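Q: What would the 3D arrangement of this be:
(chains A and B)
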2 protein chains.
Amino acid sequence: MEMETKLVVHNTLSRKKEVFEPMNPPFVGMYVCGPTVYGDAHLGHARPAVTFDLVFRYLRHCGFKVRYVRNITDVGHLEHDADSGEDKIAKKARLEQIEPMEVVQYFTDRYHKNMEALNVLSPSIEPRASAHIIEQIDLIRKIWDAGLAYEVNGSVYFDVPKYNRDHHYGILSGRVVDELMTATRELEGQEEKRNPSDFALWKKAQPEHIMRWKSPWSEGFPGWHLECSVMGIRYLGDRFDIHGGGMDLLFPHHESEIAQSVAANGQSPARYWLHNNMITLNGQKMGKSLGNAVSLFDFFAGNHPLLEKPYSPMTIRFFILQAHYRSTLDFSNEALQAAEKGLKKLFAAINAIEKLPLSDKSTSSIPELRQKCYEAMNDDFNSPIAIAHLFEGVRIINSVKDKSETLTKEDSEILKMTMYDFVFEILGLKEEEAGASGKLTEGLMKTIIAVRQKARENKDFATSDMIRDRLAELSIKIKDTKDGAEWTIGD
Amino acid sequence: MEMETKLVVHNTLSRKKEVFEPMNPPFVGMYVCGPTVYGDAHLGHARPAVTFDLVFRYLRHCGFKVRYVRNITDVGHLEHDADSGEDKIAKKARLEQIEPMEVVQYFTDRYHKNMEALNVLSPSIEPRASAHIIEQIDLIRKIWDAGLAYEVNGSVYFDVPKYNRDHHYGILSGRVVDELMTATRELEGQEEKRNPSDFALWKKAQPEHIMRWKSPWSEGFPGWHLECSVMGIRYLGDRFDIHGGGMDLLFPHHESEIAQSVAANGQSPARYWLHNNMITLNGQKMGKSLGNAVSLFDFFAGNHPLLEKPYSPMTIRFFILQAHYRSTLDFSNEALQAAEKGLKKLFAAINAIEKLPLSDKSTSSIPELRQKCYEAMNDDFNSPIAIAHLFEGVRIINSVKDKSETLTKEDSEILKMTMYDFVFEILGLKEEEAGASGKLTEGLMKTIIAVRQKARENKDFATSDMIRDRLAELSIKIKDTKDGAEWTIGD
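A: Predicted coordinates for the structure are as follows:
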């Protein structure tokens, strides 16, 4: 049923939606730019992670065999303390020096903890830039052999205007080479470049630069755009299906990746380029340098002046999924609190599915609801529309519970399957107090509710009041309904 | 107080216990051989992980700044399907082929899940063999320049007898070169070696071999012993303090590491060599090839004919720590169930510390108990002796609770600190139902116990029986003591 409509994706390259047709079905190769691990991930980093996790999950749900590569950028620009000079450093014992890989390990572990909390699946391969220096040097050689690179003082640059004679630098971003007066993200050595639009393929390391490797040109380190070209090619082939990332990477990073692949292999690396939009704060870009980037750990702990309270990982995930990935998403406490409430409502309905009264006929068309969820996802992964349909499911569940609507056994099963497929498997949401301890809580609460019931029957109000007060201390509220007492935890 | 006795460690190199004196205090460099990630970790892999986690934790507790490097061996020997031949493979799309790094990612993620469950701390750096091919080729060059390597058909071998003329191959393991008729763990090419004791530094890849890199000698892959030499040197320097691993790695792996470092750098890489003993099953070695290796996931799930029930990660950890790391440890259901019981007893006592009645004098010497715990750990990390002293602490806690012994406020605090330091920080044990959900369970149980008390006072035995029965369904037992009702969960 899910295949009645075709999956279309918005391709940044063509600036329109296209039917998704992998080159070699059922296989799909997808490369997404991962984190730079020199600091904690903030809310802005959660968005591409959750967006492409949604894409990964949905493609798998549709039966594709996806190899999903998401890299770790660990070739960093850590430098020795400038004061200490090279000689002093050489005299220092190895263990006393900063070891970039120790920093990398620390923040990679923390990134993985964030991802696990957000229920983001591990990619199929998570390669590190530092582990692919050989391949990066090889790719520079290929670009060199194509006549599109030049060396100055041990550094190697990509000659953009020369490339642009036969190819199109700007094909992805729409930038015009003549207007590119400055290339961003360069460390130094602007004066070495023949043209301001050129970008580094290899940089000679300054004495204070710690991470360095030998190469035919100098002891140094690869240019930033090179690693993604190399790791995509290595694990997915010269040409693969999807390349994803945040919109902030579109230029110069992805534009340069295309130029590198075309120069070295004669073809653009990916067929579909998908870009998620940014998270803003009161309409402003969020970023470390802007001082308004709140780390995910701070979100989970409520540990930042911008936050009115802690927000759980699932609240953050749901907040992100409530906007389409190509729309901007504005952070506010109100929006997060609304997401939190919505999520609670969603799970309360899911937990009620099993106990719904059944009927001979249904007052709503459940197969149609299921179909609409697929249609939303097939329309460029439109999660907010899918969520709106799931909330129509919530409304139906609550109405059936209140006996204002009815469902057949079959429709009730389809509704359950739809909620499970979309909420758990595709949207990747989960109840946060789950598993063994969740079941234990449920069992204990059933005992308490039964005792309370007995106490009331015996007119033993001292006991039922004591139960109410003690549960209130644990932030648990009991509500009496026609079908017996129900309880909620939290606000 | 903890420094009254000095830390001594058993050095495999000298075959005796030596005072531990790091070369550059407070810094300590420690390298431990990590897992090969082509399958799930079994109980045998848990032992070095827990052993060196104990060493790492204790050194840090003593104030050392430890850089702990534990590698991932991901340069594997995966091969293409032999039937398909090279041509067929070349025609296959990249995505349809086995990608070794996808296998590596899968099992690395699972290994990390195991380590997290066992409460094994992340090492400071977790480098991968595949990420250090350049350095491995460089080290071969240095050995070559020293005249101790030779090439045959694109493969490079270490000349053991030639090395042995000026140095001592066998210094660690006690093996005698003349008696080394066959070197183990070689893949093929025994006929290429000049001497049976020689080992490969670089192997030319056969056509079906997937993981391969260019080198001055051939397209191939590094010998197995090389990676640890290289990663130890890279992150800890030419000479560092501790090299650890399982006893099964002593020869030829660690012996060859020493030979490589001496040949290339003129010095042995590590000062102290620590080896954990093996886990046996009815006295037999445990191993994949022996068919008696039970994976950690199977242990946690109770999912193997050898297991009578599931054993939690903390039970496994405690079972390992109950033996000294240099003793063999025999697996049995009885031993694990004893560990499980012991752990429960330990935590029950720790949870009772806060509520102990205080007195003007103490019937036991608590500072002495604390001192004995340090003495045990200072004696080559003797965790079973330390645990025995902690159980003396358990006995004291229970006696004070029963009012057959007494403690002053100060001693009660020292006892609490000792239990916390050793149980949580040094031994790395934790209660498995902890955190928010554990507190909730405790709160709900308090409510239930209070209601039960009230029911009994009112002679409402129907209610108190109902509570007993419903809790029994949840595997919760209530026991009445002089100080009120206590509850336990599980068997």
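Q: Which positions in the stretch 1-150 of chain A make contact with chain B?
A: Residues of the stretch 1-150 of chain A lying close to chain B (CB under 8 Å from any CB of the partner chain) are A:23-24, A:27-29, A:65, A:67, A:93-96, A:99, A:101-102, A:104-105, A:109, A:112, A:122-128, A:130-131, A:133-134. For glycine as for every other residue, the C-beta is placed from the backbone atoms N, C-alpha and C.
Q: repeat that for 6 Å
A: Contact residues (CB under 6 Å from any CB of the partner chain) of the stretch 1-150 of chain A with chain B: A:24, A:27, A:29, A:67, A:93-95, A:101-102, A:105, A:109, A:122, A:124-126, A:130-131.
Q: Give me the buried subset of the residues you listed.
A: A:24, A:27, A:29, A:67, A:94-95, A:101-102, A:105, A:109, A:122, A:124-126, A:130-131 (16 or more other CB atoms under 10 Å in any protein chain shown).
Q: can you tell me which two in these are farthest apart?
A: The two members of those with the most space between them (CB to CB) are A:24 and A:95, at 49.0 Å.
Q: Could you list the low-confidence segments of chain A?
A: When residues are selected by pLDDT under 70, those of chain A lie in A:1-4, A:76-93, A:181-190, A:433-438, A:490-491.
Q: Which other helices and strands does the biggest helix by length in it contact?
A: Assignment by DSSP state H gives helix A:435-457 as the longest helix of chain A. Other helices and strands packing on helix A:435-457, by 3 or more CB pairs under 6 Å, 6 or more residues apart in numbering or on different chains; DSSP states H and E, are helix A:461-473, helix B:435-457.
Q: mind listing the helices in the stretch 251-400 of chain A by residue range?
A: A:255-265, A:296-301, A:313-321, A:333-352, A:366-378, A:383-401 (DSSP state H, counting those that start in this stretch).
Q: Identify the residues contacting the fourth one?
A: Helix A:333-352 is contacted by residues A:308, A:311, A:315, A:318, A:319, A:394, A:397, A:401, A:419, A:431 when judged by CB atoms under 6 Å, 6 or more residues apart in numbering or on different chains.
Q: So which of the buried ones among the residues of the stretch 1-150 of chain A next to chain B are in helices?
A: Judged by DSSP H, helices contain the following of these: A:101, A:102, A:105, A:109.
Q: Residue A:18: which of those is nearest?
A: residue A:109 (38.4 Å).
Q: roughly how far apart are the closest one and residue B:430?
A: For residue A:109, the distance to residue B:430 equals 18 Å [CB to CB, to the nearest Å].
Q: before we move on, the earlier item: among the helices and strands packed on helix A:435-457, which is nearest residue A:166?
A: Comparing these under CB to CB, the one sitting nearest is helix B:435-457, at 60.7 Å.
Q: Distance from the closest one to the middle of the chain?
A: 38 Å (CA atoms, centre = their mean, to the nearest Å).
Q: cool, stretch A:285-298 as well?
A: Taking CA atoms, centre = their mean, the mean C-alpha location of stretch A:285-298 is offset from the chain mean by 16 Å.
Q: List the contacts of it.
A: With CB under 6 Å, 6+ apart as the test, stretch A:285-298 has contacts from A:40, A:41, A:42, A:43, A:44, A:46, A:114, A:279, A:281, A:304, A:306.
Q: got it, and stretch A:18-33?
A: Taking CB under 6 Å, 6+ apart as the rule, stretch A:18-33 contacts A:6-9, A:11, A:52, A:59, A:64-70, A:228, A:232, A:236, A:240-245, A:249, B:93, B:95.
Q: any idea which of the ones in helices among the buried ones among the residues of the stretch 1-150 of chain A next to chain B is the one closest to residue B:164?
A: Distance to residue B:164 across those (CB to CB) is lowest for residue A:101, with 34.5 Å.
Q: quick one: the closest one from residue B:127, how far?
A: According to CB to CB, residue A:101 stands 7 Å off from residue B:127.
Q: and what of residue A:289?
A: Distance from residue A:289 to residue B:127, by CB to CB: 31 Å.
Q: which one of these two has more residues nearby?
A: The neighbour comparison of residue A:289 against residue B:127 (other CB atoms under 10 Å in any protein chain shown) goes to residue B:127, with 28 against 7.
Q: who touches the more buried one in this structure?
A: When contacts are counted by CB under 6 Å, 6+ apart, residue B:127 touches B:71, B:231.
Q: same question, residue A:242
A: So residue A:242 contacts A:30, A:272 (CB under 6 Å, 6+ apart).
Q: Check whether it sits in a helix, strand or coil.
A: Following DSSP: H, G, I helix; E, B strand; the rest coil, we place residue A:242 in the strand state.
Q: And it, how close does it get to chain B?
A: Noted for residue A:242: a distance of 12 Å to chain B, by CB to the nearest CB, to the nearest Å.
Q: So what pairs up with that residue in the strands?
A: residue A:30, residue A:272 (DSSP bridges).
Q: roughly how far apart are residue A:389 and residue B:131?
A: Counting by CB to CB, the gap from residue A:389 to residue B:131 is 45 Å.
Q: likewise residue A:324?
A: Residue A:324 is 38 Å from residue B:131, where distance means CB to CB.
Q: what's the burial count for the closest residue to residue A:364 other than its chain neighbours?
A: Spatially, and ignoring its direct neighbours in sequence, residue A:364 is nearest to residue A:396 (5.1 Å; CB to CB, 6 or more residues apart in numbering or on different chains). The local packing of residue A:396 (other CB under 10 Å) involves 23 other residues.
Q: Number of residues surrounding residue A:113?
A: So residue A:113, with other CB under 10 Å, has 16 neighbours.
Q: swap in residue A:229?
A: 25.
Q: That one is in what secondary structure piece?
A: Per DSSP states H and E: residue A:229 is located in helix A:226-236.
Q: Quick one: distance of that helix to the chain centre.
A: Distance, centroid of helix A:226-236 to centroid of chain: 20 Å (CA atoms, centre = their mean).
Q: residues in contact with that helix?
A: With contacts defined as CB under 6 Å, 6+ apart, helix A:226-236 is touched by A:29, A:31, A:33, A:69, A:71, A:125, A:127, A:129, A:132, A:135-136, A:139, A:201, A:257, A:260-261, A:269.
Q: Equivalent analysis for stretch A:146-165, please.
A: With CB under 6 Å, 6+ apart, stretch A:146-165 has contacts from A:140, A:143, A:169, A:177, A:189, A:192-193, A:195, A:197-204, A:217-218, A:259, A:263.
Q: wait, what's in contact with residue A:265?
A: For residue A:265, the contact set (CB under 6 Å, 6+ apart) comprises residue A:238.
Q: what's the distance between it and residue A:67?
A: Note on residue A:265: its distance to residue A:67, by CB to CB, is 19 Å.
Q: got it, and residue A:131?
A: Distance, residue A:131 to residue A:67, using CB to CB: 17 Å.
Q: go on, residue A:485?
A: 50 Å.
Q: do the same with residue A:298
A: For residue A:298, the distance to residue A:67 equals 34 Å [CB to CB].
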